[in-house]
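S.K.: fold the following for me, if possible:
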Amino acid sequence: MQTTIESIRPLTETASAIELSLVVPIFNEEESVGPLVERISSAMAGFIKPWELILIDDGSTDATLVNARQYLRQDGLVLRIIELQRNFGQTAAMQAGIDAAGGRLIATMDGDLQNDPKDIPAMVAELERRDLDLLVGWRKDRQDGLLLRKIPSWCANSLIGRMTGVKLHDYGCSLKIYRASIIKQVKLMGEMHRFIPAWVAGVVPSSRIGEIVVTHHARLHGTSKYGISRTFRVILDLLSVMFFMRYRARPGHFFGSLGLGLGSLAMLILIYLFFDKFVMGNDIGTRPMLMVGVVLLLSSVQLITTGILAEMIARTYYRDDASPNYVVRHIFGGEDEDA
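M.R.: Residues are numbered from 1 along each chain as shown. This is a model prediction of the structure:
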């Protein structure tokens with residue numbers, strides 16, 4: 001049975017008393033999910049305020065869900081498992097967990113055991129000490145391959161920082177702490193989870209976003225879901241992020257500016273050709289410049305009309321922005337669920 005977005009909201013009456021919700025998307029991590037829950041339980045044993053763990057099974061095809069459900073009855077652990085209907089991607093899975101979280105603070109991390117949950121209590125304390133809305137982990141001593149992972153990551157982090165204005169050492173680290181009131185104002189789309197700091201900067205000043213060095217472990221089980229091809233997707237996603245950050249509410253300005261620019265160039269060319277034809281008496285019928293001017297003029301009209309259509313779509317989007325980018329099959333855990 002499908003579950004709507006309303007039904008994955010905090011399930012307990014005491015949800016408001018939860019201090020921290022730990023959100024972990026998992027996909028085909030059958031060997032890692034058990035040690036993951038145990039490490040989280042051990043790391044959070046000294047955390048004196050109420051906390052909960054939310055695992056999001058992003059359409060796993062192995063025994064990940066079965067292995068995770070074994071921990072539903074573990075003493076001292078408030079665990080919920082959200083099973084998505086299929087694989088929607090890490091961003092959608094993370095959004096599902098954030099929607100379901102009931103804590104005042106929300107932590108996110110990967111489920112492959114490379115992030116260390118022992119860093120979470122210190123990150124919570126640091127977020128509060130510095131009065132931040134988002135604290136990002138920095139994998140300073142990253143345990144990944146140099147050529148395929150580290151170098152592309154360094155390049156991407158530098159490029160993202162320059163283009164978005166949010167300068168961080170490690171955009172790709174999933175270990176982050178948010179204030180729930182802030183991150184719930186951000187709707188994650190596509191595969192934009194690596195740009196979350198940029199999205200948050202659209203809600204709060206970048207001065208309320210910080211980073212802290214965290215521990216990073218080499219992968220012990222399974223295989224990485226990322227490869228060198230991710231670099232090209234990052235570039236495309238970055239262009240999308242820049243567009244949404246600057247023109248999300250006014251896309252007509254983006255397309256209109258391009259259209260007016262091309263239209264101005266087209267008019268200059270056509271005016272010159274008009275003068276050359278009717279004043280100077282030269283033949284312009286076979287000149288390539290005439291074709292260029294006509295094509296630029298048509299492109300200008302297309303871009304301007306595209307901008308108008310984009311404005312109409314944007315207004316519709318802001319009127320009806322409640323549809324989730326995932327479908328929940330089942331929720332395990334919580335007062336109303338028989339695990």
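S.K.: check which helix or strand residue 74 maps to.
M.R.: Per DSSP states H and E: residue 74 is located in neither a helix nor a strand.
S.K.: swap that for residue 107, please
M.R.: strand 105-108.
S.K.: just the residues contacting that strand, thanks.
M.R.: If you take Cβ atoms under 8 Å, 6 or more residues apart in numbering as the criterion, strand 105-108 is touched by 19-24, 94, 97-98, 120, 123-124, 127, 174-180, 183. Every residue, glycine included, has its C-beta placed from N, CA and C.
S.K.: those residues in helices, which ones?
M.R.: 94, 97, 98, 120, 123, 124, 127, 180, 183 (DSSP state H).
S.K.: for the strand holding residue 107, which strands pair with it and how are they oriented?
M.R.: For strand 105-108, the paired strands and their directions (DSSP bridges) are strand 20-26 (parallel), strand 176-179 (antiparallel).
S.K.: in CSV, list those strands along with mean pLDDT.
M.R.: Shown next, in CSV, are the strands paired with strand 105-108 (pLDDT from 0 to 100):
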stretch, mean pLDDT
strand 20-26, 96
strand 176-179, 96
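S.K.: isn't there a strand covering residue 211?
M.R.: Yes: assessed by DSSP: H, G, I helix; E, B strand; the rest coil, residue 211 belongs to a strand.
S.K.: excluding chain neighbours, what is closest to residue 161?
M.R.: residue 167 (4.1 Å; Cβ to Cβ, 6 or more residues apart in numbering).
S.K.: and residue 121, how far is that from residue 311?
M.R.: According to Cβ to Cβ, to the nearest Å, residue 121 stands 47 Å off from residue 311.
S.K.: check residue 131 too.
M.R.: For residue 131, the distance to residue 311 (Cβ to Cβ) stands at 38 Å.
S.K.: could you look up the SS state of the residue nearest to residue 161?
M.R.: At residue 167, secondary structure determined by three-state DSSP is coil.
S.K.: check contacts around the most centrally placed residue in the chain.
M.R.: Residue closest to the mean C-alpha point of the chain, counted by Cα atoms, centre = their mean, is residue 193 at 2.1 Å. By Cβ under 8 Å, 6+ apart, residue 193 lies in contact with 90, 91, 94, 174.
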